[in-house]
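>>> let me see the structure of the following:
(chains A and B)
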Amino acid sequence: METRRLVLTLTGIAVVMIVVLGGLGAILLASGGGDDNGTTAGDGDEDGLGERVEGELRLFGPDPITLDPACASDAGSAEYIVEIFSGLVSFDLDLNLIPDIAEDLPEVSDDGTVYTFHLRSNVLFHDNSRPVTADDFKYSLERSLNPDTQSTVGEVYLDDLVGAAEFIAGNADEVSGIRVIDPQTLELTITEPSAVFVDKLTYPTAYVVDQREVGDATCFEGGGWTLTPNGTGPFKLEEWDLGRKIVLTANPRFHLEPAPALERVTFILSGGSSFVMYENDEIDITGIGSNNIESVRDPNSDLNADLHEGPSLNVFYIGFNTQEAPFDDADLRNALSLSIDRNFLAREFLLDLVVPAKGILPPGMDGYNEALPDIPFDPDAARDLLEKAGGAGVIDGATILTSGQGATPSDILQVVLAMWEQELGITVSIEQEDFGLFLRDIDDGKFQMFSLGWIADYPDPQNFLDIKLHSESANNEAGYSNPAVDALLDQADGEADEATRLELYQQAEELIVIDMPWAPLYHGKASYLVKPYVEGFVIPPFVIPNLRYVSISR
Amino acid sequence: MPAGLATYIIRRLLLLPLILLIVSFATFALGRYAPVDYVEIQAGPRAQPETIERIREERGLNDPVPVQYVRYMGNALTGDFGISTRYQGFPVADVILPRMWITMQYNAVVLVLTFSIGLPLGTWAALRRGTWQDPLSIGVFLFFASVPVLISIPLLQWLFSVKLGVLPSGGWSEAEYLGVELGIFSKQAVLPILALTLPGVAGIARYMRGQVMEVLDQDFVRTANAKGLKASTVVTRHVARNALLPIVTILGFELAALIGGSIFVETLLGIPGIGLLAFESIKSRDYDTIMAIVLIGSMVFVLAMLVIDIAYGFIDPRIRVEGRIS
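Just a heads-up that it's a prediction; the model follows:
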């Protein structure tokens, strides 16, 4: 029977393919050492539609690149790390620096360079095997700095330590500025007084990891331990199904008050739109953007009562290449800045999801200058300044560099360009690059203008002004250099009195706004929806552990 | 198995390493010569250029590309396909296999549905030639075959998860059915299967309709009808079988898609399959993962084509592989 033969053949093809694919799978699996713990299929006890376990919070989370504290350079990874691990100090939700594994904030020597931390004696690793000691911190800090670990961020946050440079260069076996006095006492010495050194210790690169578990794993090899990390944070990692979900469970022995009230937190890492998932009751919290904000703001909307807003410590700006003509001319930069209608941009175009910027520092940050005047929208003044700078001709054909994929650059940038064209009659073209290439080009000064944002690592003006606009900072892409500003920033950095220090930063910011190396556009806000039965949830303005404050009541 | 066939298969299999070599070198070189590597992307805006350069050196990214290629192939031959950098520190196999499994599952269902619905539907449409159902069915097929998933998926999402609230809007999970736990038993699988089956069925039906109509005009069909055979016998035994032949080729391509995945469907629905992984890997310059995906994809494609070629010989005695290779 020919027909039967045909059917048999087709079935045969399918069977052969399945065997071949299965074989391939087996080969690959064998090459992976067979250790696919947690990367295989999940529990399967849920079908993800509106079902929930008692005391469970369901979130839509970013898909992290790593859960290794020494290696995380992105906020998406840090969000999980700060819940699973912890360090000497951290921030609470009011952005106060609080002791974490340290018993108190450190004692600082008179010259401001030696910090002594006394550790709590009751902090256990998640497996309850042993308490955290000063040795563990020495190991963890040195691991972050060790070139063999290949961390891209270790030295960004820890290079203040005495001996860090020698250690990185391979000229020392240990970092001399990290001393273990006794199991409960750690002494850190920095090269010169710094108001933000302790702030930097809240970043994951200074978190403690279990030496016995981590061993010599680098950032790029041997990441398997992060599937079962033995941390000290408020939550334990229960399951990490790469690319699919992360499940955290409460650490019942957590050393700070309040201890976690949630039993478990499930982060869904994949799925369509988080707004739709929220509407569909698949998750309890979602961020919200300009596509959906209007419908939610409608008082008749079911979701209206769920809407929350909070400050976010960031600034979005257009940077100018102050080292090269024509943008080395402050008049030209000011002309461009004055012809941007920030109110329209923030309120009409971005639907009040952002706040118009009047300076560099975002509202909510220490040192934010309430009294700083708004940057006006003044096309006449802008045209005068442009004439002074040589007229529209000097800027014709200029390009602005931006990052992203696809051929559509951000709407915001297009609006700004349209304003420039309308008010000043100048045409600027957009050049879009892959994020990595974009970063390299602005680092190398290969741009005329660029658009970028900056998000706080810690709530201190130093993190914005010193790092982005000090002439000697490696992150000063605009190449801005004003000796008066440098002097103020240096003075602030060594200033012990907090009020004076903040005032110095405000003075520096005033000078910066006059020079306009950046045209600051706006500060983002966190806008999000929270189900009514979730209590105590806020999106912090930058990454800080926030889940232990959350509870569920229904 | 005839000796000629064995020789043919062996010859084709011997070509496989050569094909893989060419594909792998092209992929490798394209990746390495593209500006910006994974160290730079992951370092982000805060890292110092010196740190990036140091790590690049340690990871061998500064070596000449041919040297890096030889090193990679050396490791690959011993079964070490490298380390992912998007999922930093995890072996590529650990990252790829669970993803491949997900993509295979829903694509297998799509494949079965597409053919089991599309073929009879196409045959039916051809037999209705000249009636009012003909332009209607053509219109429907054309419509569903032409709507890209970029448009159909948001509509399906809106209808099933927002409006009706019966399906989750995306993602992937497992569910148990008859004691077996598989992703395709979960509600998450419905949308991708629907989104791929609709255009698949329409496409196959349209193709099958054309094939059947062509066969219907052949002399032997007229002869069969003239002999007084029952219409159903003519269709199943003579028409359908002959019309199916070219469809086998399509089956080959569909089989390759089993693990090739669909970048659009997976990106839109957030299904953590191989397509989404490929997209993310390219974005983050995850060299080793990209290599593994491309190599597996090419290997499956070559093998699928080989199987199809051999299958032709079985189905149609007129196409004998011996004849082809002599």
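
>>> figure out the helix or strand that residue 199 lives in.
Just going to use chain A. helix A:197-200 (DSSP states H and E).

>>> the chain in question should be chain B.
helix B:190-216.

>>> next, the buried residues of that helix.
By neighbour count with 16 or more other C-beta atoms under 10 Å in any protein chain shown, helix B:190-216 contains the buried residues B:190-209, B:211-213, B:215-216. In short, each C-beta sits where N, CA and C put it, glycine included.

>>> hang on, the earlier thing: what about the helix holding A:Asp199, distance to the chain center?
16 Å (C-alpha atoms, centre = their mean, to the nearest Å).

>>> report the distance from whichever helix or strand comes after it to the chain centre.
As assigned by DSSP H and E, the chain's next helix or strand after helix A:197-200 is helix A:211-214. From the chain centre to the centre of helix A:211-214 is a distance of 26 Å (C-alpha atoms, centre = their mean).

>>> check stretch A:349-366 too.
For stretch A:349-366, the distance to the chain centre is 18 Å (C-alpha atoms, centre = their mean).

>>> pLDDT on it, on average?
Throughout stretch A:349-366, pLDDT has a mean value of 91.

>>> where along chain B do the strands fall?
Taking DSSP state E as the criterion, chain B carries its strands at B:175-177, B:180-182.

>>> can you point out the buried residues in the last one?
Just to be clear, that refers to strand B:180-182. Buried, per 16+ other C-beta under 10 Å, within strand B:180-182: B:Leu182.

>>> assign the closest residue to chain B within the stretch 301-450 of chain A to helix, strand or coil.
Residue nearest to chain B within the stretch 301-450 of chain A: A:Gly436 (3.5 Å; C-beta to the nearest C-beta). What DSSP: H, G, I helix; E, B strand; the rest coil gives for A:Gly436 is helix.

>>> correct me, but it touches B:Arg285?
Yes. The pair A:Gly436 and B:Arg285 passes the contact test of C-beta atoms under 8 Å, sitting 7.2 Å apart.

>>> stretch A:498-513: how far from the chain's middle?
On C-alpha atoms, centre = their mean, the centre of stretch A:498-513 falls 25 Å from that of its chain.

>>> show the average pLDDT along that stretch.
Rounded mean pLDDT across stretch A:498-513 is 94.

>>> ok, and what's touching stretch B:151-158?
A:272-273, A:276, B:169-170, B:191, B:194-195, B:198-199, B:264-265, B:268-269 (C-beta atoms under 8 Å, 6 or more residues apart in numbering or on different chains).

>>> how about the residue in the stretch 101-250 of chain A that chain B sits nearest to: what's its closest non-neighbour residue?
The nearest approach of the stretch 101-250 of chain A to chain B comes at A:Gly223, 2.1 Å away (C-beta to the nearest C-beta). Spatial nearest neighbour of A:Gly223, chain neighbours left out: B:Gly89 (2.1 Å); criterion: C-beta to C-beta, 6 or more residues apart in numbering or on different chains.

>>> and that neighbour, what does it touch?
A:66, A:68, A:71, A:217-224, A:226, B:83.

>>> follow-up on the earlier one: what about the residue of the stretch 301-450 of chain A closest to chain B, neighbour count?
By other C-beta atoms under 10 Å in any protein chain shown, 23 other residues sit near A:Gly436.

>>> likewise B:Leu244?
22.

>>> ok, it to B:Asp134 distance?
21 Å (C-beta to C-beta, to the nearest Å).

>>> give me the distance between A:Tyr528 and chain B.
18 Å (C-beta to the nearest C-beta, to the nearest Å).

>>> can you tell me the element that residue falls in?
Going by DSSP H and E, A:Tyr528 is in strand A:518-530.

>>> pLDDT (mean, whole number) over the following helix or strand past that strand?
Counting by DSSP H and E, the next helix or strand C-terminal to strand A:518-530 is strand A:534-535. Throughout strand A:534-535, pLDDT has a mean value of 94.

>>> how about A:Leu511, what does it touch?
So A:Leu511 contacts A:482, A:484-485, A:488 (C-beta under 8 Å, 6+ apart).

>>> okay, the residues you listed in a markdown table with pLDDT and distance to chain B next?
As requested, the contacts of A:Leu511 are exported to a markdown table (pLDDT from 0 to 100; distance: C-beta to the nearest C-beta, whole Å):
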| residue | pLDDT | distance to chain B |
| --- | --- | --- |
| A:Asn482 | 95 | 22 |
| A:Ala484 | 95 | 26 |
| A:Val485 | 95 | 21 |
| A:Leu488 | 95 | 23 |
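
>>> among those residues, which are located in helices?
A:484-485, A:488 (DSSP state H).

>>> okay, now the unreliable bits of the stretch 201-326 of chain B?
Flagging of the stretch 201-326 of chain B using pLDDT under 70 yields the residue ranges B:257-261, B:316-326.

>>> which bits of it sit near chain A?
For the stretch 201-326 of chain B, the residues in contact with chain A (C-beta under 8 Å from any C-beta of the partner chain) are B:236-237, B:241, B:244, B:248, B:251, B:255, B:258-259, B:268-272, B:276-277, B:280, B:283-285, B:292, B:296, B:299-300, B:303-304, B:307-308, B:311, B:314-315.

>>> show the buried residues in these.
Buried among these by 16+ other C-beta under 10 Å: B:237, B:241, B:244, B:248, B:251, B:255, B:258-259, B:268-272, B:276-277, B:280, B:284-285, B:292, B:296, B:299-300, B:303-304, B:307-308, B:311, B:314-315.

>>> show me those residues that map onto helices.
B:241, B:244, B:248, B:251, B:255, B:258-259, B:268-269, B:276-277, B:280, B:292, B:296, B:299-300, B:303-304, B:307-308, B:311, B:314-315.
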